[in-house]
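Participant: Could you look at this predicted model? Sequence included:
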Number of protein chains: 2
Amino acid sequence: MVETRRERVRAATTQEIVDSARRILVTEGREAVSLRAIARDMGMTAPALYRYFDGHENLIKHLCHVFQDELATVIEGEVGLIAGKDAGERLVVACRAFRRWSLDHPNEYGLLFGSPLPGVFRTPMPKDAEAMTAHRFAAVFLMLFVELWRTRPFRLPEEVDPRLIAQLTSFQQGFGGELPIECLVVFLDCWVRLQGIVSLEVFGHLRFALTDAEPMFEMTLADLRERLGA
Amino acid sequence: MVETRRERVRAATTQEIVDSARRILVTEGREAVSLRAIARDMGMTAPALYRYFDGHENLIKHLCHVFQDELATVIEGEVGLIAGKDAGERLVVACRAFRRWSLDHPNEYGLLFGSPLPGVFRTPMPKDAEAMTAHRFAAVFLMLFVELWRTRPFRLPEEVDPRLIAQLTSFQQGFGGELPIECLVVFLDCWVRLQGIVSLEVFGHLRFALTDAEPMFEMTLADLRERLGA
DNA sequence: ATGCGAAGTTAACGGCGTTCACACATTAAC
DNA sequence: GTTAATGTGTGAACGCCGTTAACTTCGCAT
């Protein structure tokens, strides 16, 4: 037996902790996700949670990991439904799926993309397992992007700043190095626009002008589509 | 005498509270800004702060107000230094000033543009004084935008979604109504790109690809410039 | 059957926001 | 100039929080 009874029970409890934490996050907001509240919700006491997570901060980090994973899975699922179609079409679907999940899960989104925990501002990029799954979400888009470029190359920018080129060469080699750097520049630009509009909409920072940002989002999407030559 | 001694002392203490709070925010991060820490820093006790602010949350809100104001003032100052120049040039300077302030004050930026406090997600836009100064920052850009459009009109998009038009008419009438709605659409698009790249850079969400986002920022700026026909 | 380790408890420490009763100084009214 | 009112700050207390330590209990392998 690869999995003992102990391990099964432990895994179930761990899952229950995550579920409780998420329920509290959704219903009462980020500030309310305390160890004591989670334990109370489960009929336990707070110190018991230390058998499963090394303190409050690590539990929150694990939650982020779970949400990143769910977000990536949801997007991959939506894209998978139209697996036969053109990469541009699938990219559009991926963007819509990202926006939808974010709007449907504002508190989870806030945990993932809101202001990071203190001390993160100037530290270098961590390289642990958590960081890798943080990349899984971006990787979905990047892969579609690569495929789009290969099947139907789009116009690339001329005169890219050499400093930008220099920075991106290491990133480029991170996945084979078989993609023009200018293509990565276009990717980053689209990435910024996508993240920007979703972030502003979810956090309500567009309400000074818009009551419903969907038309604006679709317009941005059409713009990106055109730029990528679809 | 328009200002009694009492009022002067009170104003000074209020200012000292804000200064202490900001110092703690900058040096120890958002989580460390507690009433007790502020009071300790000032040589007072926490309950005394209730004579000046109605609880912790309101003090934080006031801090946001102060930062919004400073940000707007800084940008206006930078723009004022080249008051004679073309509106496009001044817009570029305003964008750079926004990025610079945000990078120089990441903790303050996080308070302003990070995930909002719980319960803000689906509530309508508040209309109080705080919200107005929240607009002052956006207003700087909007005014430059309007001037740019008037002095040297740029290409406007065709086929704007009627739903978007409908939403923007009320916003349009908010300041005279003498601007084409398509122009507001362009403004919002630029706004999203500016906010997007600054937010991603400050929060470190571009580090998976870039070590220094400045060239990318300048490229985005050049792109916006071209779109606005400079 | 025994012993070991995992899981959970209670108690405690210090920190937090907040409230309340109280002391003190300043101001205002007479 | 005395007195009342008002503003400003303190100390104690309540209930929340994260975290640690000592202790119990139970499952499981030898």
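Facilitator: Received the coordinates, thanks.
Participant: Any stretches of chain A with poor pLDDT?
Facilitator: Where chain A drops to pLDDT under 70, the residues are A:1-2, A:117-134, A:176-177, A:230.
Participant: per-domain residue ranges of it.
Facilitator: Domain assignment for chain A, taken from automatic domain parsing, gives A:1-53, A:61-227.
Participant: Switch those domains over to JSON lines; also include mean neighbour count and distance to chain B.
Facilitator: No exception for glycine: its C-beta is placed from N, CA and C like everyone else's. Below are the domains of chain A laid out as JSON lines (neighbours: other C-beta atoms under 10 Å in any protein chain shown; distance: least, C-beta to the nearest C-beta, whole Å):
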{"stretch": "domain A:1-53", "mean neighbour count": "14", "distance to chain B": "3"}
{"stretch": "domain A:61-227", "mean neighbour count": "17", "distance to chain B": "2"}
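Participant: For my notes, please list those domains in TSV and give distance to DNA strand D for each entry.
Facilitator: Listed next are the domains of chain A as TSV, based on distance: least, C-beta to the nearest atom of the strand, whole Å:
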stretch	distance to DNA strand D
domain A:1-53	3
domain A:61-227	12
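Participant: Quick check: which of the ones you listed is nearest to DNA strand C?
Facilitator: Ranking those by their distance to DNA strand C (criterion: C-beta to the nearest atom of the strand) puts domain A:1-53 first, at 3.6 Å.
Participant: what's the span of stretch A:19-38 from first residue to last?
Facilitator: End-to-end distance for stretch A:19-38, by C-alpha to C-alpha, to the nearest Å: 9 Å.
Participant: Mind listing residues that contact it?
Facilitator: Stretch A:19-38 is contacted from outside by A:17, A:41-42, A:46, A:49, A:56, A:59-60, A:63, A:66, A:105, A:107-108, A:110-111, B:115, B:117-119, using C-beta atoms under 8 Å, 6 or more residues apart in numbering or on different chains.
Participant: for chain A, what spans make up the helices?
Facilitator: Counting by DSSP state H, the segments of chain A that form helices are A:5-28, A:35-42, A:56-80, A:87-104, A:106-113, A:129-151, A:162-173, A:181-202, A:214-227.
Participant: would you turn those helices into a markdown table with distance to residue B:153?
Facilitator: Below are these laid out as a markdown table (distance: least, C-beta to C-beta, whole Å):
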| stretch | distance to residue B:153 |
| --- | --- |
| helix A:5-28 | 47 |
| helix A:35-42 | 56 |
| helix A:56-80 | 40 |
| helix A:87-104 | 31 |
| helix A:106-113 | 36 |
| helix A:129-151 | 34 |
| helix A:162-173 | 31 |
| helix A:181-202 | 24 |
| helix A:214-227 | 20 |
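Participant: closest one to residue B:201 among those helices?
Facilitator: helix A:181-202 (9.2 Å; C-beta to C-beta).
Participant: related to what we said a few turns ago, between the helices of chain A, which gets nearest to residue B:179?
Facilitator: That would be helix A:214-227 among the helices of chain A, by C-beta to C-beta, at 16.9 Å.
Participant: what's the closest one packed up against?
Facilitator: helix A:87-104, helix A:181-202, helix B:162-173, helix B:181-202 (3 or more C-beta pairs under 8 Å, 6 or more residues apart in numbering or on different chains; DSSP states H and E).
Participant: now the angle between helix B:162-173 and the last one, please.
Facilitator: When you say that, I think you mean helix B:181-202. In terms of direction (axes from the mean of the first three to the mean of the last three C-alpha atoms, to 10 degrees), helix B:181-202 departs from helix B:162-173 by 90 degrees.
Participant: ok, is helix B:181-202 in contact with chain A or not?
Facilitator: Yes - contact of helix B:181-202 with chain A (C-beta under 8 Å from any C-beta of the partner chain) involves B:184-185, B:188-189, B:192-193, B:195-197, B:199-200, B:202.
Participant: How about the contacts made by residue A:87?
Facilitator: Taking C-beta under 8 Å, 6+ apart, we find residue A:87 in contact with A:144, A:147-148, A:151-152.
Participant: Apart from its neighbours in sequence, what residue is nearest it?
Facilitator: In space, residue A:87 comes closest to residue A:148 once its chain neighbours are excluded; the distance is 3.9 Å by C-beta to C-beta, 6 or more residues apart in numbering or on different chains.
Participant: And the one you found, how far from residue A:186?
Facilitator: Separation of residue A:148 from residue A:186 (C-beta to C-beta, to the nearest Å): 10 Å.
Participant: Touching both of the two, which residues are there?
Facilitator: Residues touching both residue A:148 and residue A:186 (C-beta under 8 Å, 6+ apart) are A:154, A:228.
Participant: if we can go back for a sec, wait, isn't the residue nearest to residue A:87 in contact with residue A:227?
Facilitator: No - look at residue A:148 against residue A:227 with C-beta atoms under 8 Å: they stay out of range, at 11.4 Å.
Participant: Now list whatever residues contact both of the two.
Facilitator: residue A:154.
Participant: so how far is residue A:190 from residue A:162?
Facilitator: As for residue A:162, its distance to residue A:190 is 22 Å (criterion: C-beta to C-beta).
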